[in-house]
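Enquirer: Pasted the sequence and its predicted model underneath.
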Amino acid sequence: MNWLRKVAFEERPAEVVGDREETNASSSSDGGASRAVPHEPEATPCGFRASSGLFEHAASPSEGLDARKARSSIPVLLAPMAGVNDIAFRQLSLELGCDITYTEMVSSKALSFANEKTRHLLDRAPNERRVAVQLFGHEPDTMAREAAWIESEMGDALAYIDINMGCPARKIVKKGDGSALMTTPELAAEIVRKVSAAVEHPTTVKFRKGYAAGEDIAVDFARRMEDAGAAAVAVHGRTAAQFYSGCADWDVIARVKAAVEVPVIGNGDVTGGKEACALVAQTGCDAVMIGRGAQGNPWVFEQVRAALNGEAAPALPTPEQRVAMAHRHAEILSKRIGNNLVYMRKHVMWYLRGIPGASKARGELNQCVTLDDFDRVLEQLLVDAARIEAEEERYLAC
């Protein structure tokens with residue numbers, strides 16, 4: 001078992017990874033609806049993969065037990081997302097099947113100034129035994145020093161240190177951080193060397209296919225990071241210039257996997273179990289990382305885990321269950337940060353995608369501040385959704 005799988009699975013008392021029994025399709029019937037993916041992935045230009053044969057091959061019930069066991073031992077990770085990976089969201093993701101969570105991006109520079117707001121990003125959820133901390137910056141000595149401080153503060157609660165070399169946001173890139181480091185591979189390697197030498201925990205790197213449009217340098221960059229001491233690499237199959245447009249290039253993940261010895265984490269366009277199985281089948285990646293597909297959808301982790309285990313897909317949750325999850329997310333946050341929950345607006349909007357009447361509710365959500373504000377809107381949404389569905393049924397019956 002590689003070290004990444006050990007971090008993901010070693011504390012699961014009821015399971016021995018690689019020795020799971022063949023799945024009974026009825027195993028998800030006990031409460032499965034409350035844990036299922038909340039909505040079908042929206043159609044994207046990447047939908048061609050559905051007819052490529054990859055899905056069918058990866059999820060075929062006729063596969064041998066060994067193949068299904070191999071997939072079941074693949075960790076499923078919550079991608080580090082700034083402004084998204086709050087403690088409540090990480091807690092819910094873990095409850096619903098995520099194996100390893102990441103903090104939001106943590107500025108090494110802000111940590112060096114003892115910025116309390118930044119230090120709070122290192123707080124853990126109640127069910128978070130370990131968490132990966134993602135650092136960003138471009139000063140090797142500062143990053144090494146702050147990585148060592150994080151390790152000393154967190155101890156065994158730290159899963160590993162991840163270095164962000166993939167964020168395409170302009171405010172990050174213009175300072176030479178994030179994906180800008182792909183344009184300075186010597187500096188990027190120096191950061192990895194110094195950070196990995198400063199900490200006992202593994203150091204990993206997350207980066208993209210390239211920086212500029214059409215650039216494809218991930219294989220060479222991955223080799224440099226491995227040589228510098230990276231214990232694993234996470235590859236997003238888009239360039240920084242793409243941001244999140246177009247389709248993720250999974251072939252580049254496969255080529256990185258073939259080029260390095262360390263574990264490779266595949267990232268990009270995973271919105272459900274079929275995509276996760278296809279990504280593994282096409283790339284041979286050692287772990288699956290989910291970012292935007294988890295926004296408002298922590299159920300995606302159980303959907304992906306079921307698919308990797310060869311289990312039947314969980315049933316879709318009801319609008320009531322999705323609204324209840326939005327309330328719970330907001331309630332957890334309110335207990336930690338107080339009753340100013342403006343930050344929750346985007347999360348709640350994500351939870352409500354596809355529910356009848358959600359478009360109207362979005363305008364009202366933009367005015368919400370307190371937990372009571374959100375609850376009033378959510379309660380009215382359920383009333384409106386029931387009315388709209390009843391009207392549709394009457395219309396169809398005519």
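Expert: Noted; the coordinates are in hand. Residues are numbered from 1 along each chain as shown.
Enquirer: what separates the closest residue to R292 other than its chain neighbours from R238, distance-wise?
Expert: Of all residues not flanking R292 in the chain, Y244 sits nearest, at 6.7 Å (Cβ to Cβ, 6 or more residues apart in numbering). For the C-beta atoms, the positions are set from N, CA and C on the backbone; glycine is no exception. Using Cβ to Cβ, to the nearest Å, Y244 is found at 7 Å from R238.
Enquirer: if you count what's nearby, which of these two comes out ahead?
Expert: Neighbours of Y244 and R238, each counted by other Cβ atoms under 10 Å, are more numerous for R238; the result is 23 against 12.
Enquirer: Strands of the stretch 251-398 of the chain, start to end?
Expert: Ranges of strands within the stretch 251-398 of the chain are 264-267, 287-290, based on DSSP state E, counting those that start in this stretch.
Enquirer: Figure out which of those is closest to A232.
Expert: A232 lies closest, by Cβ to Cβ, to one member of those: strand 264-267, at 6.4 Å.
Enquirer: Could you name the helices and strands sitting against that closest one?
Expert: Packing partners of strand 264-267 (3 or more Cβ pairs under 8 Å, 6 or more residues apart in numbering; DSSP states H and E): strand 203-210, strand 232-239, helix 250-259, helix 273-283, strand 287-290.
Enquirer: Could you rerun that using 6 Å?
Expert: strand 232-239, helix 250-259, strand 287-290 (3 or more Cβ pairs under 6 Å, 6 or more residues apart in numbering; DSSP states H and E).
Enquirer: CA-only coordinates of stretch 266-286 in PDB, if you can.
Expert: Presented in PDB, the C-alpha positions along stretch 266-286 are these (Å, rounded to 0.1, in the frame of the first residue of the first chain):
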ATOM      1  CA  GLY A 266      -6.100  12.800 -10.900                       C
ATOM      2  CA  ASN A 267      -8.200  16.000 -10.900                       C
ATOM      3  CA  GLY A 268     -10.600  17.500 -13.300                       C
ATOM      4  CA  ASP A 269     -14.200  16.900 -14.500                       C
ATOM      5  CA  VAL A 270     -15.200  14.300 -11.900                       C
ATOM      6  CA  THR A 271     -18.800  14.900 -11.000                       C
ATOM      7  CA  GLY A 272     -19.900  11.400 -10.100                       C
ATOM      8  CA  GLY A 273     -19.100   7.800  -9.900                       C
ATOM      9  CA  LYS A 274     -18.900   7.100 -13.700                       C
ATOM     10  CA  GLU A 275     -16.400   9.900 -14.200                       C
ATOM     11  CA  ALA A 276     -14.300   8.700 -11.300                       C
ATOM     12  CA  CYS A 277     -14.200   5.100 -12.600                       C
ATOM     13  CA  ALA A 278     -13.400   6.400 -16.100                       C
ATOM     14  CA  LEU A 279     -10.600   8.600 -14.800                       C
ATOM     15  CA  VAL A 280      -9.000   5.700 -13.000                       C
ATOM     16  CA  ALA A 281      -9.400   3.400 -16.000                       C
ATOM     17  CA  GLN A 282      -7.900   5.900 -18.400                       C
ATOM     18  CA  THR A 283      -5.000   7.200 -16.300                       C
ATOM     19  CA  GLY A 284      -4.200   4.600 -13.700                       C
ATOM     20  CA  CYS A 285      -4.100   7.400 -11.100                       C
ATOM     21  CA  ASP A 286      -3.600   6.500  -7.400                       C
END
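Enquirer: How far does it sit from its chain's centre?
Expert: On the basis of Cα atoms, centre = their mean, to the nearest Å, stretch 266-286 is displaced by 13 Å from the centre of the chain it belongs to.
Enquirer: for the stretch 101-250 of the chain, what spans make up the strands?
Expert: 102-107, 131-136, 158-165, 203-210, 232-239.
Enquirer: could I get those as JSON lines with distance to G310 and mean pLDDT?
Expert: What follows is those, written out as JSON lines (distance: least, Cβ to Cβ, whole Å; pLDDT from 0 to 100):
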{"stretch": "strand 102-107", "distance to G310": "27", "mean pLDDT": "95"}
{"stretch": "strand 131-136", "distance to G310": "27", "mean pLDDT": "97"}
{"stretch": "strand 158-165", "distance to G310": "27", "mean pLDDT": "98"}
{"stretch": "strand 203-210", "distance to G310": "28", "mean pLDDT": "98"}
{"stretch": "strand 232-239", "distance to G310": "25", "mean pLDDT": "98"}
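Enquirer: Kindly reformat the ones you listed as CSV containing distance to A390.
Expert: CSV is the format used below for the strands of the stretch 101-250 of the chain (distance: least, Cβ to Cβ, whole Å):
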stretch, distance to A390
strand 102-107, 41
strand 131-136, 45
strand 158-165, 48
strand 203-210, 47
strand 232-239, 43
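Enquirer: Minimum distance to S196: which of those strands has it?
Expert: When these are compared (using Cβ to Cβ), the closest one is strand 203-210, at 4.1 Å.
Enquirer: and that closest one, what other elements does it pack with?
Expert: For strand 203-210, the packing partners by 3+ Cβ pairs under 6 Å, 6+ apart are strand 158-165, strand 232-239.
Enquirer: by how many degrees do it and strand 102-107 diverge?
Expert: Angle, strand 203-210 to strand 102-107, by axes from the mean of the first three to the mean of the last three Cα atoms, to 10 degrees: 80 degrees.
Enquirer: Contacts for strand 203-210, please.
Expert: Residues from elsewhere that reach strand 203-210 (Cβ atoms under 6 Å, 6 or more residues apart in numbering): 160-166, 179, 182, 195-196, 216-218, 225, 230-234, 236-240, 249, 252.
Enquirer: quick one: the helices in the stretch 251-398 of the chain?
Expert: Remark: helices assigned in the stretch 251-398 of the chain by DSSP state H, counting those that start in this stretch are 273-283, 300-309, 319-337, 344-351, 358-365, 371-397.
Enquirer: Could you identify which of these is most buried?
Expert: helix 300-309 (a mean of 26; mean count of other Cβ atoms under 10 Å).
Enquirer: Figure out how far that one is from the centre of its chain.
Expert: Distance, centroid of helix 300-309 to centroid of chain: 13 Å (Cα atoms, centre = their mean).
Enquirer: ok, back up a step: tell me the most buried of the strands of the stretch 251-398 of the chain?
Expert: Taking mean count of other Cβ under 10 Å, strand 264-267 is the most buried of those, at a mean of 27.
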